[in-house]
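A.B. asks: how does the following fold in three dimensions:
(chains A and B)
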Amino acid sequence: MVQRRVAPLIVLVVLGFGVLVARLFQIQVLEHRVWAAEAANLVRSGLVVPFERGAILDAKGRELAHDRRAFGVEFCYRDFRRANPLGAVVHARSALFARPVGYAEALGRLGESARELALLSPRSLATFAKGLGLALGNGVAVSPSSDPEQDQCSARAADVRFYVQSLLGFTLDDRRALRRAIADEQEIASYTDFLAERRSLTTDDVLRELDQRVADAVEDLEKLTGLLAVEGEARAGRADPATGLAGLFSELETWRAEVEDEVASELFARAAGFPIGRLDARTVEAGLDLTWLARVVCWDDARLAQWIERERAAWLASVHDWSVPAALAEMQLVPADERRAEALIGELVALFAPRDDVVRERRRALNADGPLAAADFERWLVFSDLDTLVAASCDDDFEAARAQLFPFDAARAEDGGDPWQRVARLELALTGAPADAAAIQQRAGEWYAHAVERWTGEWIAPRVEALVLACDALLQREVARELDQLFACAEPDEFGPSQKLAWRAGRVALAGEQVAYVQKDRGNRPFVVERAPPYELVETLSRHRERFAGFSVRARQERVREVDAAAGRVAADGLIGALGEPGMLELRRQRRDSHEMSLLLRQGSRSSEESERLAELFARVDRPGEKRGTSGLESYFDAELSGHNGYRENRGLQELAERDAGRDDFDLEASDGRDLVLTLDLELQRAAEAVLAHPDGDPDPDKRDDAWLARPVGAIVLATVDGDVLAAASVPLVDRGEAETRNQRDIAFDRTLRLVDHQPPGSVFKVFASAYALDYMGLDRNATVTCQATANDTANYKGLHCASAHGHGTVDLSDALEVSCNCYFAWLGEQFDSAKALQCLQTFGFGSPTGVKPYGVRSGWREDSWPQCAKFEFRDLRQRLSFANGLSVVQTTPMQVTRALCGLATGRLPEMRLVSTIGGENVAQSAAPLAISAGSREFVRQAMTRVAAGARGTAHAALDPNALGFSIAVKTGSGDYRPLPKNASADGSNKVRKHTWVGGWIPAENPKLVFVIFEFDTLATASHGAVWLTRELLKRDEVRAWLAPPPVVEATK
Amino acid sequence: MSSSPFARERGSSLERALSLRHVRWLEVDWHVLAVALALCALGLVFVRAMDQADDYFLREDKIEVAKQLQRVIVTLPALLFGLLIRPRWLRRSAWLVYVVAVVLLLLVPVIGDVRNGARRWIQLPFFDLQPSELAKIGVIVILARALYTTRLKRARDWILPLGLASLPMGLVALQPDLGTAMTIVPITLGMLYAAGARARVLFGGLALVVVLGVVALRFGIGHEYQAQRVETWLTTLSPDDLIANRNGSAFHPYQGTVAIGNGSWLGTGLGQGVANQAAHLPERDTDSIFAVIAEETGFIGTTGLLALYALLVILLFSTASHVRERFSRLVVTGVGLYFASHLFINVGVNLRLLPMTGVPLPLFSTGGSSLLVSFLALGLAVGLAAHREPSLDEDAFRD
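C.D. replies: The predicted model follows:
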């Protein structure tokens, strides 16, 4: 019997042992790879090594933009509060009094407070941990607690213990010795006495040292304040204008508040299951007891309320700044059909579903590479947790009531209908508008038009935002109602100390388990103190790290631009462009790679293939905060300028790594970007920019356009005859005026490649029409046209008026070019048919890209083409009369005119080149023969020479070669932009607004430098405007120096 | 004059309770004590590694091996005390032991300390006493006493033992400490079986307990966090689900499983596991100490340790099977069941075979109460088996 009864028990034990061992085998051996990876991630630290972006250099190798290693000052609040005596006093007192004690408040009696803390005994803190009161010096006492656990007395006592030891400068050995002494139950009168005895000092000695340490800390902070104040301009702009120590305290409080807010938010989210910001502040304050949270972070009611308000405001702001752009990006990432509607609904539903579901669904969506599936979301944020969050409960069918509230049922119904109708139904339901069939049809049509037929983000964004906010309003209303019901149902013991609904113990315990982890994690977040700290500050912080706990110098890469010190301008600003962080669309596009990368990073060990894949992903995925080119050359050549980031992985805890330099697990070298060498000449570029910034006009005040001169708009291109761009300058350099009232005149962009509104070249085009007509239309260069005013009208040809009201008389081609006679070229234009006109344009490359963009179409740096050119066709006589005059029917950019002039000057039409080498490799320079005979080109050249040199020439007044000192071939032009409203000009005349041009080359006979000067939207003609600008440019030393023959170097004997 | 072994004993009360003279020292199961003390020493080795890791990382709330050693020294006399207790006295005083245990449990709400949301501890000079641990001894002794005279043939025979076991179980569950309360279930069922109950009936009873538990969960009876733990357990059975919930309700099981899984065949080495280095694993010196051991000794070491523990239980059962006196045999069996239930529940929880609950691993986990009860139980088991006590109960004549 005895054996019979015990033996089965032994068998059960053996069987149980077998089960345990089998399960142990499963976890430790079969699943080892999974868990080892997780373990590695718990102690692994990785460091992204940023690449250095390629430099942009001018033709002579001078840096226009480059990365440089810069130093910034960062602040880590956790390090400060733990090691700085001021931080220790503030936080020790906050822990003692369970309220946020401020820095300014603590400073008032810092020495006394430090002494009070130092004179505490381990025993007194042990009793405080159990809820008993605590007497500080000076008659101040901490009241006993009626509920030590609720009041977090034990955790607060531990905090105080730590800060006291920090204040007194306990070493590791001191701490160990103290522990032993406490364990041995030695009588310790105070922490100060303990230290005094240990170091063979008197208590007064230790206290004096403490006083000195505290005084030194304050002095160091004052010194730091002085060093920080060097960058005073930027700091003065901050919300709190306090200066000196008070200013620093203000910043400390800001950083402290941010850290504490984040800790509280994280703990709330872990306990509640949803972020605090998802509830209206009034609802939270009225309904939920948050005493437990306030005790953890040592807050009083006012601070708690401030946090609740702040988090709610942050969430509302995030709708506009994050949620809506994210939804729009998701819509853009799927094909432009009904999937965009699904993507929109999916994003909306996800925004109001509990967090874990979102994560899970996002993963699924990532794998399927499609939008979130709205049908998978059934639960409703906040409601999923509310009934298990608070201790109180009601008997009503909470689940059913909640299900009815979920507003997306209609929208996500798999009814096979038009998904845009589902969007429309949702919108009407949420906004409370009548949802009849017609209204749904109409609204769905609108969505379809803006989201599928054409993408109109400006139309979609406010509607998505309105949908989110309407849904949120519904949520807030129903949560408030539910909390009211719970309030009514609650028993007396289901209210917390603040007489609001108490939380269930398990929920609070869930957060409690992770307090230390969250505090450490959030407290280590760095804040940027100074982006460009003065040398003295960097030196001080680097040499005396121990005196400035929390503050540290961090190296970083920064993009530096070449600044003209004299003018205070960045050279070629608009052309080179800017860097910025990738937009939402780009981030979302990288999501798949990013997700794969994070999975690989999480693996404990990796195969060689996986490591290769990881390296590949690192090359592709932006690191957080990584800047990419967003405009100009920085954007167009972003792929070349960017390298790829490296990664250094360290297996071991941060602390271990610092002490023992743990071994590298994965080491991927960063690969720097490639340098771009431009064809630009920095001096010429600066000269062109200077001329545009402060332009000269006609000396005759009646002829010039003072308004344009005051607010110049235009561009200058200088190039070699081979097509290398030497300067490409535009004004304005920065946007002008208020954003709401800006027009094309006020916006800063590179105008050398752009067609803005209507941009005819005017009479500059006459030289091209002439050369073409001579070769292909049998134009007799001696044929004449009479340009003369009649009794009834000013000089015109079949209604196209000449610039000279009285007329130029009888003119041949050479005269017509010299005086820019419109009547002659109206006659010539009449000879063109559509095919010839198109051929003329194509011969000189008008309407096609100039080749300045070697990789074709890429984003960021835009060159406009003239799409109508390809199907050029005259519709009426007026257009034909205008054609050879370069009016209305012809459009062009300064760069296209430059290229055409290069062709005319040399007989070869080049591809314009702005970049000569990329990463040391040449960018090929190419040119095609210009299909214009040398004789015609020479004829036109001579005529252009007379434009400047001839007494009647339109440019003679400003560009007389005798005054310039070199010969010049030039042509002026004015292309009508838009008529001025009658009586709108200052002098009452009804002038026409125009773009004016001057184009040509120097020297006239042996062309070296091609130039195009373009004035946008001016009242003065080229002869009274652009030519003076050209004169100003050509007279500059930089141009003359460039034109001068290189000095002859005598061979040394 | 040689006294008859059946003669009524004389002497002081102390002598009637404790006796050096009546212990048959040569028949003491020293191998049981050796295994138990080896386990305790091994536990100290792991606690020391934790102490060193905490020192290295300057942790504030460090685990102290010195404190644990002090607890061992303070509680070790309980082993001797248990060993000297005379079976007859214990049988006669079983009600007293039981009442003391229940009174202590009743005192907890009045004078007990609250920690982690539960009121379970009474402060003592060297360690804080957890009366729920002592209650287990009370249950073992009183069940042995109640089952001493019955073989559970009739339905009414079940009422008294079940009632006696249920009272402390209920009081412990109300603290709330469902984990500790649940350890009393296998002890009770095992002792009922050892006393003669039919296995079929016991399995039925066990099934009933499970069903009642499911019903309680379904209708929200009990604490919300308990339901939450069961839900977490059920929804994180696969590694993927556990990892997905690692920052939420599955934080503790996730950290434990990571530590265990990281151990592989040979372990990471003493103090070198992620559990000690990162210290994210909650209760790593008490309820989760098995995860630390598994990580640092690996599958082979952990299997060896489990085998050693199982050996202790089997040796206790074996000892029980050689005790002729029914009351003593039931107590020794109960002690075996005490260690077995803690082993299987603690390790089962750590291996996620059971929902999360806080049960220490006796002789390994830090904590004075657990050590005190473990040593006392071991002393009782070994002592009762080695006592020269006359017995006239019918089992004394069975072979």
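
A.B. asks: going forward, measure contacts and count neighbours with C-alpha atoms only.
C.D. replies: Will do.

A.B. asks: so where do the helices sit in the stretch 151-300 of chain A?
C.D. replies: Listed in chain order, the helices of the stretch 151-300 of chain A (DSSP state H, counting those that start in this stretch) span residues A:153-167, A:172-183, A:191-198, A:203-228, A:232-236, A:244-272, A:281-287, A:291-296.

A.B. asks: off-centre distance for the first one?
C.D. replies: Put simply, helix A:153-167 sits 42 Å off its chain's centre (CA atoms, centre = their mean, to the nearest Å).

A.B. asks: is there proximity between that helix and chain B?
C.D. replies: Yes - Helix A:153-167 lies in contact with chain B when judged by CA under 8 Å from any CA of the partner chain; the contacting residues are A:158, A:162.

A.B. asks: send the alpha carbons of that helix over as PDB?
C.D. replies: C-alpha atoms of helix A:153-167 as PDB (Å, rounded to 0.1, in the frame of the first residue of the first chain):
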ATOM      1  CA  CYS A 153       7.700  56.400  -0.100                       C
ATOM      2  CA  SER A 154      10.200  53.600  -0.700                       C
ATOM      3  CA  ALA A 155      11.100  54.800  -4.200                       C
ATOM      4  CA  ARG A 156      11.300  58.400  -3.100                       C
ATOM      5  CA  ALA A 157      13.600  57.400  -0.200                       C
ATOM      6  CA  ALA A 158      15.900  55.500  -2.600                       C
ATOM      7  CA  ASP A 159      16.100  58.500  -4.800                       C
ATOM      8  CA  VAL A 160      17.000  60.800  -1.800                       C
ATOM      9  CA  ARG A 161      19.600  58.200  -0.700                       C
ATOM     10  CA  PHE A 162      21.200  58.300  -4.100                       C
ATOM     11  CA  TYR A 163      21.200  62.100  -4.400                       C
ATOM     12  CA  VAL A 164      22.600  62.600  -0.800                       C
ATOM     13  CA  GLN A 165      25.500  60.300  -1.700                       C
ATOM     14  CA  SER A 166      26.100  62.100  -4.900                       C
ATOM     15  CA  LEU A 167      26.100  65.400  -3.100                       C
END
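
A.B. asks: what mean pLDDT does it have?
C.D. replies: Across helix A:153-167, the average pLDDT comes to 91.

A.B. asks: again with the longest one
C.D. replies: Averaged over helix A:244-272, pLDDT sits at 88.

A.B. asks: ditto for stretch A:703-713
C.D. replies: Across stretch A:703-713, the per-residue pLDDT values average to 90.

A.B. asks: who touches that stretch?
C.D. replies: A:692-698, A:730-732, A:745-746, A:1015-1020, A:1024-1025 (CA atoms under 8 Å, 6 or more residues apart in numbering or on different chains).

A.B. asks: quick one, which of the helices of the stretch 151-300 of chain A is nearest to residue B:301?
C.D. replies: With distances scored as CA to CA, the stretch of the helices of the stretch 151-300 of chain A nearest to residue B:301 is helix A:172-183 (31.8 Å).

A.B. asks: run through the stretch 251-399 of chain B and note the low-pLDDT ranges.
C.D. replies: Within the stretch 251-399 of chain B, the stretches falling below the threshold (pLDDT under 70) are B:388-399.

A.B. asks: need the contact list for residue 225.
C.D. replies: As the question left the chain open, I've gone with chain A. Going by CA under 8 Å, 6+ apart, residue A:225 touches A:244-245, A:248.

A.B. asks: wait, I meant chain B there
C.D. replies: With contact set as CA under 8 Å, 6+ apart, residue B:225 has these partners: A:505-507.

A.B. asks: which of the helices or strands spans it?
C.D. replies: Secondary-structure assignment from DSSP states H and E places residue B:225 in helix B:224-235.

A.B. asks: from the contacts of residue B:225, which land in helices?
C.D. replies: Members of the contacts of residue B:225 lying in helices (criterion: DSSP state H): A:505-507.

A.B. asks: residue A:497 and residue A:291 touch, don't they?
C.D. replies: Yes - under the criterion of CA atoms under 8 Å, residue A:497 is in contact with residue A:291, at a separation of 6.9 Å.

A.B. asks: out of the two, which sits in the more crowded spot?
C.D. replies: Per other CA atoms under 10 Å in any protein chain shown, whichever of residue A:497 and residue A:291 has more neighbours is residue A:291, with 21 against 14.

A.B. asks: so how far is residue A:732 from that one?
C.D. replies: Taking CA to CA, to the nearest Å as the measure, residue A:291 falls 58 Å from residue A:732.

A.B. asks: from the contacts of residue A:225, pick the one nearest chain B.
C.D. replies: Proximity of the contacts of residue A:225 to chain B, judged by CA to the nearest CA, is greatest for residue A:248, which lies at 30.0 Å.

A.B. asks: can you pull the contacts of the residue nearest to the spatial centre of chain A?
C.D. replies: Compute the mean C-alpha point of chain A, and by CA atoms, centre = their mean the closest residue is residue A:581, 3.6 Å away. Under the criterion of CA under 8 Å, 6+ apart, the contact partners of residue A:581 comprise A:625-628.

A.B. asks: count of residues packed around the residue in the stretch 51-200 of chain B that chain A sits nearest to?
C.D. replies: Per CA to the nearest CA, the residue of the stretch 51-200 of chain B with the smallest distance to chain A is residue B:194, at 5.2 Å. Residue neighbour count, defined by other CA under 10 Å, stands at 30 for residue B:194.
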